[in-house]
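*Asks:* using only what follows, build the 3D model:
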Amino acid sequence: MDYTIKNRELTVTLKTLSGTLKSIKDSEGREYIWQPDPAFWTGQAPVCFPICGSIRDNTAEIGSGKTTSMPRHGIVRKREFTMEKQSDDEIVFSITSDQDMLEKYPFPFRLYTMYHLEGKSLRVTYRVENTGTETMPFFIGGHPAFACPLEKGERFEDYHLIFPEKETCAPSAPLSNGLQDMNDRTPLLDNTDDLKLSYDYFVNDVRDLDTLKSRSVKLVSGRTGRGIKLDFADFPYLMLWTKPGAEFLAVEPWTGMSTTTDEDDIFEHKINVQYAEPGESRDYTFTITVLD
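*Replies:* Sure thing, here's the model as predicted:
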């Protein structure tokens with residue numbers, strides 16, 4: 001089911017499937033979220049929980065002698081959320097673990113996805129609540145895919161990622177099994193704050209920016225200056241992804257990454273694993289601002 005929140009600047013449509021974004025339009029009707037094309041990708045902005053990316057062979061040891069078995073990006077991105085409350089400029093969705101989810105991930109939880117409009121900005125907050133009796137390890141991340149290009153006559157290659165600081169970053173190579181090869185890194189940013197987009201970067205799948213200093217990034221047209229700004233202070237990793245020929249760029253703030261070649265298969269050993277104690281809630285926020 002779809003719901004809409006809006007103000008004078010933006011109209012945002014959200015859906016209960018994955019409790020996530022379906023559309024962000026400005027006052028002129030310009031669409032900033034990728035609209036699905038089955039030739040490339042039917043997703044838009046799934047929520048990644050309790051993993052971001054993949055774990056080796058989709059399984060890992062977790063907790064006290066337990067095993068978790070999860071597909072890429074976890075267990076909620078294809079599930080229906082419940083709309084909890086709505087106002088003109090705010091909406092909250094939630095999902096609670098059921099038996100099927102607990103068989104894949106043996107920790108009871110409740111996950112909220114909360115959206116609040118203010119001017120040309122949409123604040124997105126994920127609230128992870130541990131409803132069980134054991135310490136709960138997890139990861140959380142967003143996967144918003146932005147329309148790129150925005151305008152007819154533009155090309156993907158007309159767009160730039162602009163960082164507030166000069167960055168040097170060499171993403172690890174994605175492997176065919178969804179893991180990241182930390183011994184195979186290719187320079188992408190070399191003491192620069194400006195990355196001109198090219199489909200060539202994405203021939204082998206995702207690019208992980210795991211050493212960024214910047215906590216925000218702009219995706220903008222070199223022709224018009226239009227685009228979006230993403231602020232992601234709560235997330236240490238930023239992932240970039242598209243498919244050559246597709247008219248989107250996913251700019252993804254994550255708390256963790258796919259299992260890397262230098263990690264074992266114990267969930268709690270993964271880099272930057274998050275924890276929630278019984279009864280505890282943890283909030284993670286990023287903000288999307290429309291630039292025109």
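
*Asks:* CA only for contacts and neighbour counts going forward, please
*Replies:* OK.

*Asks:* pull the contacting residues for residue 291.
*Replies:* With contact taken as CA atoms under 8 Å, 6 or more residues apart in numbering, residue 291 is in contact with 120, 220, 225, 226, 227, 228, 229.

*Asks:* bridged to it, which residues?
*Replies:* residue 227 (DSSP bridges).

*Asks:* what pLDDT is listed against it?
*Replies:* pLDDT recorded at residue 291 is 98.

*Asks:* distance check, it against residue 201.
*Replies:* In this view, residue 291 and residue 201 are 25 Å apart by CA to CA, to the nearest Å.

*Asks:* with residue 262 instead?
*Replies:* 23 Å.

*Asks:* out of the two, which sits in the more crowded spot?
*Replies:* Taking neighbours as other CA atoms under 10 Å, residue 262 and residue 201 compare with residue 201 leading, 17 against 10.

*Asks:* now do the same contact list for the closest residue to that one other than its chain neighbours.
*Replies:* Of all residues not flanking residue 201 in the chain, residue 207 sits nearest, at 7.6 Å (CA to CA, 6 or more residues apart in numbering). Applying CA under 8 Å, 6+ apart to residue 207 gives the contacts 171, 172, 173, 174, 201, 239, 240, 241.

*Asks:* please apply the same query to residue 126.
*Replies:* Applying CA under 8 Å, 6+ apart, the residues contacting residue 126 are 111, 112, 113, 114, 140, 283, 284, 285.

*Asks:* tell me which of those is nearest to residue 155?
*Replies:* Nearest to residue 155 among these, counting by CA to CA, is residue 285 at 30.6 Å.

*Asks:* follow-up on the earlier one: how about JSON lines for the contacts of residue 126, with pLDDT, secondary structure and neighbour count added?
*Replies:* Below are those laid out as JSON lines (pLDDT from 0 to 100; DSSP: H, G, I helix; E, B strand; the rest coil; neighbours: other CA atoms under 10 Å):
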{"residue": "111", "pLDDT": "98", "secondary structure": "strand", "neighbour count": "23"}
{"residue": "112", "pLDDT": "98", "secondary structure": "strand", "neighbour count": "22"}
{"residue": "113", "pLDDT": "98", "secondary structure": "strand", "neighbour count": "24"}
{"residue": "114", "pLDDT": "98", "secondary structure": "strand", "neighbour count": "21"}
{"residue": "140", "pLDDT": "98", "secondary structure": "coil", "neighbour count": "25"}
{"residue": "283", "pLDDT": "98", "secondary structure": "strand", "neighbour count": "14"}
{"residue": "284", "pLDDT": "98", "secondary structure": "strand", "neighbour count": "20"}
{"residue": "285", "pLDDT": "98", "secondary structure": "strand", "neighbour count": "20"}
